[in-house]
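Novice: fold the stuff below for me.
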Amino acid sequence: MSAKANRNIHLLPHLAITIGDPAGIGPEVVLKALADSSIRETCRITVVGSRSLLQQTYQKLQQIFTSKEKTLANPDEFPILDIPIDRAIATQITVGTGNAASGAMSFAYLEEAIARTRKGEFQGIVTAPIAKSCWKAAGHHYPGQTEVLAQKAGVEKFGMLFVARSPHTSWILRTLLATTHIPLNQVSTALTPELMSLKLDLLIDSLKKDFGIDAPQIVIAGLNPHSGEQGQLGTEERDWLIPWLEKERENRPQVELIGPIPPDTMWVKPGQAWYGNDPNVDAADAYLALYHDQGLIPVKLMAFDRAINTTIGLPFIRTSPDHGTAFDIAGKGIANASSMKEAIKLAAQLTKIKFSRNAIA
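Specialist: Residues are numbered from 1 along each chain as shown. Below is the predicted model:
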């Protein structure tokens, strides 16, 4: 490699990629993503996981694939931050069956990636999927990776923003969740004007700094069917959501806030923009959903293999594929790596923007 090429490599963002739950599809989609040469041209990558498990995954899947086309990256060909795995734990990990052992390892990978990133070794983290039930079995009681990242980064204000680019129109869908991993019967209690303002602050800041949108149009969902139907189908909109929104409009003249839009119709325009059904559709720059499924059912319906979860509010970049461990197909060689590829691309893009902005500042 020439000296110039070597310098260019070191100018690229350096990302840590965790392999997630080793019993799931995480190791497979990581190996598939890194086999794409265009991915490795966008950033420097260090995989955080157990080298022995990655080697086992590679060897097993190589036996499945008959094509001569390079479908998997060889673990010998990229840097690995090896987290040693005790032999007793290794014997308890079975591909396709998550348990306490696989949960313990996936948590260890994430912890190490966060620690090294906070030390400055990496500028961002891409996380493969974990299973919350396996974390719990291993004694780690967190709602998800997002909450671990926020706690260990020392931040209290953070959000889950889902981003996807349409393959049909190139329109970008951005959806932020006001509440995340909580039971449905706790949503109306958790939602408050203070929480909504916090999430809106995060969203506006991300749209400006990460996507270059200074005067965004943002659609905000109602909570109840028909946004409460003037109190007939729920009173949250009437009691506080609409007054809160009116106040936010006064305080944020540079932002166009639309809502509260009934949840069953809010996703019509995004669907048209995604599929190109109406070339004149006026879709918004971002959508603020009030709870997990309200936002993620439409996101996954449109962009299951393309959507990316990015945690906003952290001092570093974090993205993740918008899918789970898929234990049912783990080890079969059929996992789709598209979302992992998109997660790496977005992390590289956002990291470049973040650090170039910091350099200017």
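Novice: pretty sure T146 belongs to a helix, no?
Specialist: Yes - per DSSP: H, G, I helix; E, B strand; the rest coil, T146 lies within a helix segment.
Novice: so what's it up against?
Specialist: 158, 160, 180-181, 309, 311 (C-beta atoms under 8 Å, 6 or more residues apart in numbering). For the C-beta atoms, the positions are set from N, CA and C on the backbone; glycine is no exception.
Novice: give me that answer again for 10 Å
Specialist: Neighbouring residues of T146 by C-beta atoms under 10 Å, 6 or more residues apart in numbering: 127, 158-160, 177, 180-181, 309-311, 313-314, 318, 320.
Novice: swap in R44?
Specialist: Counting by C-beta under 10 Å, 6+ apart, R44 touches 9-15, 78-79, 122-123, 348.
Novice: what's the pLDDT at the residue positioned nearest the centre of the chain?
Specialist: What sits nearest the mean C-alpha location of the chain, by C-alpha atoms, centre = their mean, is N309, with 1.7 Å. For N309, the pLDDT comes out at 93.
Novice: got phi/psi on it?
Specialist: When read as degrees, to the nearest 10, the backbone of N309 gives phi -100, psi 120.
Novice: next one: I172
Specialist: Torsion angles, degrees, to the nearest 10, at I172: phi -110, psi 120.
Novice: okay, the residue lying closest to I130 once chain neighbours are set aside: pLDDT?
Specialist: The shortest distance from I130 to any non-neighbouring residue, by C-beta to C-beta, 6 or more residues apart in numbering, is to S106 (4.4 Å). With respect to pLDDT, S106 scores 98.
Novice: so is the residue nearest to P167 when sequence neighbours are not counted in a helix, a strand, or just coil?
Specialist: Using C-beta to C-beta, 6+ apart and skipping the chain neighbours, the partner closest in space to P167 is R306 (7.0 Å). Counting by three-state DSSP, the backbone at R306 sits in coil.
Novice: okay, now R306: neighbour count?
Specialist: Using other C-beta atoms under 10 Å, R306 has 21 other residues around it.
Novice: isn't it right up against S338?
Specialist: Yes - assessed by C-beta atoms under 10 Å, R306 is found in contact with S338 at 6.0 Å.
Novice: give me the common contacts of the two.
Specialist: Listed as contacting both R306 and S338 by C-beta under 10 Å, 6+ apart are 167, 321.
Novice: how about S50: what's its closest non-neighbour residue?
Specialist: According to C-beta to C-beta, 6+ apart, the nearest residue to S50 is I85 (4.5 Å).
Novice: dihedrals phi and psi, Q254?
Specialist: For Q254, the backbone dihedrals (degrees, to the nearest 10) come out as phi -80, psi -10.
Novice: who are the contact partners of it?
Specialist: The contact partners of Q254, taken as C-beta under 10 Å, 6+ apart, are 204, 208, 214-216.
Novice: which residue ranges of the stretch 51-200 of the chain form helices?
Specialist: 51-64, 87-90, 100-118, 132-137, 145-153, 187-190, 193-211 (DSSP state H, counting those that start in this stretch).
Novice: out of those, which one sits most buried?
Specialist: Among the helices of the stretch 51-200 of the chain, helix 100-118 has the highest mean neighbour count (mean count of other C-beta atoms under 10 Å), at a mean of 22.
Novice: got the CA coordinates for that one in CSV?
Specialist: Output of helix 100-118 as CSV, limited to C-alpha atoms (Å, rounded to 0.1, in the frame of the first residue of the first chain):
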residue,chain,number,x,y,z
ALA,A,100,-27.6,-16.6,29.7
ALA,A,101,-24.2,-17.5,28.2
SER,A,102,-24.9,-15.8,24.9
GLY,A,103,-26.4,-12.9,26.7
ALA,A,104,-23.4,-12.5,28.9
MET,A,105,-21.1,-12.4,25.9
SER,A,106,-23.2,-9.9,24.0
PHE,A,107,-23.2,-7.6,27.0
ALA,A,108,-19.4,-7.9,27.3
TYR,A,109,-18.9,-6.9,23.7
LEU,A,110,-21.1,-3.8,24.1
GLU,A,111,-19.3,-2.8,27.3
GLU,A,112,-15.9,-3.1,25.7
ALA,A,113,-16.9,-1.1,22.7
ILE,A,114,-18.3,1.7,24.8
ALA,A,115,-15.2,1.8,27.0
ARG,A,116,-12.8,1.9,24.1
THR,A,117,-14.9,4.5,22.3
ARG,A,118,-15.0,6.7,25.4
